[in-house]
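*Asks:* Sequence plus predicted model, see below.
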Amino acid sequence: MVGQSQSHALHNVGWLRAAVLGANDGILSTASLIAGVAASSASEGTILVAGLAGLVAGAMSMAAGEYVSVSSQSDAEEAALARKGGEIARAPREQLDRLAGIYVARGVTPELALQVATQMTAKDALSTHARDELGITEHSAARPVLAALSSAASFSVGGAVPLVAAILSPVEHIGWIVTIASLVCLGLLGAFGAKVGDADVAKPTGRILLWGALAMALTSAIGRLTGEVF
């Protein structure tokens, strides 16, 4: 029971860290876009439209990228399971010995390994091979739609931070207020993500703040330069 709880906890940590990374991307890309457009002396309406368009485009890009990537993983898993099912049907004894060999490599005696493999195979041969030989489990199986929706949602939540900050800011101070609000949120998310992964807080938080500040500074400089030219 304890092992099962730990497995669920690790699974949830993986999704939580992915959500934090998606939110970081949403904050950083949307804030950088708003800061760049604001630096060009654009009108408030133009800044907000650019920020909203960037949020939607970024969320859809994240969703599409995750869907394509995880769909490829899902296709590979399905193909591997189909091949393994065929191998079990053609040579059940050979596959049984292969499974027993895996257990022996993990420290089980040959006699007990064969007994375990026989009992597990009798219950569900394909699932047993999928889990112990291919490393495919119910929790780790690829879910393209869920991955796409999760990425889009986390990006949108993060991107909403600089967009709301821009809406609430006086037009002449949008760039600075969005930058400060976004860096604060990036720092908090960086610290939270480090805590979730049981890592040192200072280094990952410092990295995300450094790269976040650099990204917004560069886009602001480009916005200011293009504003003067055009």
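*Replies:* Nice, thanks for sending it over.
*Asks:* what helices or strands is whichever helix in the chain runs longest leaning on?
*Replies:* Ranked by number of residues, the top helix in the chain under DSSP state H is helix 44-90. The contact analysis (3 or more CB pairs under 8 Å, 6 or more residues apart in numbering; DSSP states H and E) places helix 44-90 against helix 2-39, helix 92-105, helix 110-132, helix 144-168. Where you see a C-beta, it was placed from the backbone N, CA and C, and this is true even at glycine.
*Asks:* Mind putting these into a markdown table with mean pLDDT?
*Replies:* Shown next, in a markdown table, are the helices and strands packed on helix 44-90 (pLDDT from 0 to 100):
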| stretch | mean pLDDT |
| --- | --- |
| helix 2-39 | 74 |
| helix 92-105 | 89 |
| helix 110-132 | 87 |
| helix 144-168 | 92 |
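*Asks:* Between the ones you listed, which one is closest to Leu225.
*Replies:* For the helices and strands packed on helix 44-90, the distance to Leu225 is smallest for helix 2-39, at 8.7 Å, taking CB to CB.
*Asks:* sorry, back to before: quick one: the longest helix of the chain to helix 110-132, angle?
*Replies:* Relative orientation of helix 44-90 versus helix 110-132 (axes from the mean of the first three to the mean of the last three CA atoms, to 10 degrees): 140 degrees.
*Asks:* just how off-centre is helix 44-90 within its chain?
*Replies:* Offset of helix 44-90 from its chain centre (CA atoms, centre = their mean, to the nearest Å): 11 Å.
*Asks:* one step back: dump the helices and strands packed on helix 44-90 into JSON lines; add distance to Gly206 as well.
*Replies:* Shown next, in JSON lines, are the helices and strands packed on helix 44-90 (distance: least, CB to CB, whole Å):
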{"stretch": "helix 2-39", "distance to Gly206": "14"}
{"stretch": "helix 92-105", "distance to Gly206": "42"}
{"stretch": "helix 110-132", "distance to Gly206": "40"}
{"stretch": "helix 144-168", "distance to Gly206": "19"}
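*Asks:* With that, I have no additional questions.
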